[in-house]
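# here is the input, now give the coordinates:
(one chain, ligands or ions: 1)
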Amino acid sequence: YEGAAKADQIAYLKELIVEDDEVHLDTLLNTMVFSVGHVDAEIMFVGEAPGYEEEQQREPFVGPAGQLLTKIIGVMGLQRESVYISNICKFRPLVGPDQGTRNRKPTAEEMQACLPYIMAEIEIVQPKVIVALGATGAEGLTGRQEPVGRARGKVRSWNGLPFVVTYHPSYLLRNTDLSERRKVWE
Ligand code: URA
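From the prediction side, this is the model:
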């Protein structure tokens, strides 16, 4: 709502999403994992969806990929607390009845359902740059499929804000090729 402090607006969004039936798809688990970070952040990271660790801790990017992201943020000379970290999809995607620690990427439909919330977050925070982590997150924001290899290194505009795409940190964890890993750190 107009005029409220940024933190209040984010808190209000969080309340809205809990009560919003449109986002509670049957293919998603119930625990909402919203965002973490500073409402005045200049850089906003946008991932895909929470996984097992994130659902347990109710915080985005706290599992292995998240710990790596935190490390990368540190190497950038920033702190996790000073940036804004969010996901397009605010619920862990359902894999099956005995899901355990298994995770999956959100589908286009699942991201579409949550899209109004990440859009509102961007609108409120007004970062100087949006960084999509991975092709899925980028697709969720832009509606376009494009391999990260082609999208990275270019500054685009997302509703008037600078927008870049890089590999998801989990790509770094899977990929042992130093030249590929270097691309993420760059
Ligand atoms: N991967 C994501 O895209 N988001 C998280 O919060 C954790 C892992």
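
# quickly list what the residue of the chain found nearest the ligand is bridged to.
The chain approaches the ligand most closely through residue 47 (2.9 Å), counting by Cβ to the nearest ligand atom. Quick note: C-beta positions are derived from backbone N, CA and C, even for glycine. Following DSSP bridges, residue 47 is listed with bridge partners residue 87.

# when you give positions from now on, start the count at 43
All set: I'll call the first residue 43, so the last point we hit is now residue 89.

# pretty sure it is touching residue 176, no?
Yes. Under the criterion of Cβ atoms under 8 Å, residue 89 makes contact with residue 176 at 7.0 Å.

# what about the protein, any weak spots by pLDDT?
43-45 (pLDDT under 70).

# what parts of it come near the ligand?
89, 90, 91, 92, 93, 96, 102, 103, 105, 107, 108, 129 (Cβ under 6 Å from any ligand atom).

# buried residues in stretch 92-111, which are they?
For stretch 92-111, burial by neighbour count (16 or more other Cβ atoms under 10 Å) applies to 92-93, 95-97, 101-105, 107-108, 110-111.

# mind saving the C-alpha coords of it as PDB?
The C-alpha coordinates for stretch 92-111 follow below in PDB (Å, rounded to 0.1, in the frame of the first residue of the first chain):
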ATOM      1  CA  PRO A  92      12.900 -23.400  -1.800                       C
ATOM      2  CA  GLY A  93      14.300 -26.900  -1.300                       C
ATOM      3  CA  TYR A  94      14.400 -29.200   1.700                       C
ATOM      4  CA  GLU A  95      16.700 -27.000   3.800                       C
ATOM      5  CA  GLU A  96      14.900 -23.800   3.000                       C
ATOM      6  CA  GLU A  97      11.600 -25.300   3.900                       C
ATOM      7  CA  GLN A  98      13.000 -26.600   7.300                       C
ATOM      8  CA  GLN A  99      14.500 -23.200   8.100                       C
ATOM      9  CA  ARG A 100      11.900 -21.100   6.300                       C
ATOM     10  CA  GLU A 101      14.600 -19.000   4.700                       C
ATOM     11  CA  PRO A 102      15.700 -18.900   1.100                       C
ATOM     12  CA  PHE A 103      19.100 -20.100   0.000                       C
ATOM     13  CA  VAL A 104      20.300 -21.800   3.300                       C
ATOM     14  CA  GLY A 105      21.100 -25.300   1.900                       C
ATOM     15  CA  PRO A 106      24.300 -26.200   0.100                       C
ATOM     16  CA  ALA A 107      23.600 -23.900  -2.900                       C
ATOM     17  CA  GLY A 108      22.600 -21.100  -0.600                       C
ATOM     18  CA  GLN A 109      25.800 -21.400   1.500                       C
ATOM     19  CA  LEU A 110      27.700 -21.100  -1.700                       C
ATOM     20  CA  LEU A 111      25.700 -18.000  -2.700                       C
END
